[in-house]
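# Sequence below, structure please.
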Amino acid sequence: MNHGKLWREAARAGVRWGITGGVVGFVVSLLGALAGVIAAGFVGVICGRRVARSTEHGGRPADGARAGLAAGLVAMPVFVVGSAAGALLSASSLGSRRIAAALSDATGLHLTPGEAWQIFLLSIALAAFFEAVIFLVASVAAGALACRRG
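Okay, the predicted model is just below:
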């Protein structure tokens, strides 16, 4: 397949699934950052599979993996931002005092609301990193498998 066409189709599907994934990531992350990490795998698989099928014309698994990578690179940042925004909105509704109390009870240390908020922001950044990696791996693998199964 023509590589230019492959990347154009993959980018088009990546934008579509990025917007959809951003909304899904936002809504799911209202439940917590772990829900966003789990959803990243599912949305990445759907994104990779769809883009591989839309660009497939007797394609090889390598073409599907490239298409999944391209779509994942476009869609992943939007998903991660949406997911982080959902987790932040959920946390802000709780308040830093309640977060500090929960962390203090769990760790046995006395944490101020400012320290608790910093720990929470660090956990969101870590979750965003895991979401990005899971999203890309799932998208590439699903793209390759979709072309392999034909």
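
# quick one: the host helix or strand of residue 36 to chain centroid distance?
Using DSSP states H and E, the element containing residue 36 is helix 33-55. The chain centre lies 8 Å from the centre of helix 33-55; the measure is CA atoms, centre = their mean, to the nearest Å.

# for it, which positions count as buried?
For helix 33-55, a neighbour-count test (16 or more other CB atoms under 10 Å) marks 33, 35-37, 39-41, 43-53, 55 as buried. Every C-beta, even on glycine, is put in place using the N, C-alpha and C of the backbone.

# What does the pLDDT read for the residue nearest to the spatial centre of the chain?
Nearest residue to the geometric centre of the chain (CA atoms, centre = their mean): residue 40, 3.8 Å. With respect to pLDDT, residue 40 scores 92.

# Now for the closest residue to residue 21 other than its chain neighbours, how many residues are close by?
Of all residues not flanking residue 21 in the chain, residue 79 sits nearest, at 3.8 Å (CB to CB, 6 or more residues apart in numbering). By other CB atoms under 10 Å, 31 other residues sit near residue 79.

# With just CA atoms, put stretch 50-64 into CSV.
These are the backbone C-alpha positions of stretch 50-64, laid out as CSV (Å, rounded to 0.1, in the frame of the first residue of the first chain):
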residue,chain,number,x,y,z
ARG,A,50,-10.7,0.3,12.8
VAL,A,51,-7.8,2.1,11.1
ALA,A,52,-6.3,-1.2,9.9
ARG,A,53,-9.6,-2.2,8.4
SER,A,54,-10.1,1.2,6.8
THR,A,55,-6.7,1.2,5.2
GLU,A,56,-6.6,-2.5,4.3
HIS,A,57,-6.3,-3.6,0.7
GLY,A,58,-4.6,-6.9,1.0
GLY,A,59,-2.4,-5.4,3.7
ARG,A,60,0.3,-7.1,5.7
PRO,A,61,0.5,-7.1,9.4
ALA,A,62,3.3,-4.6,9.2
ASP,A,63,1.0,-2.2,7.3
GLY,A,64,-1.7,-2.7,10.0
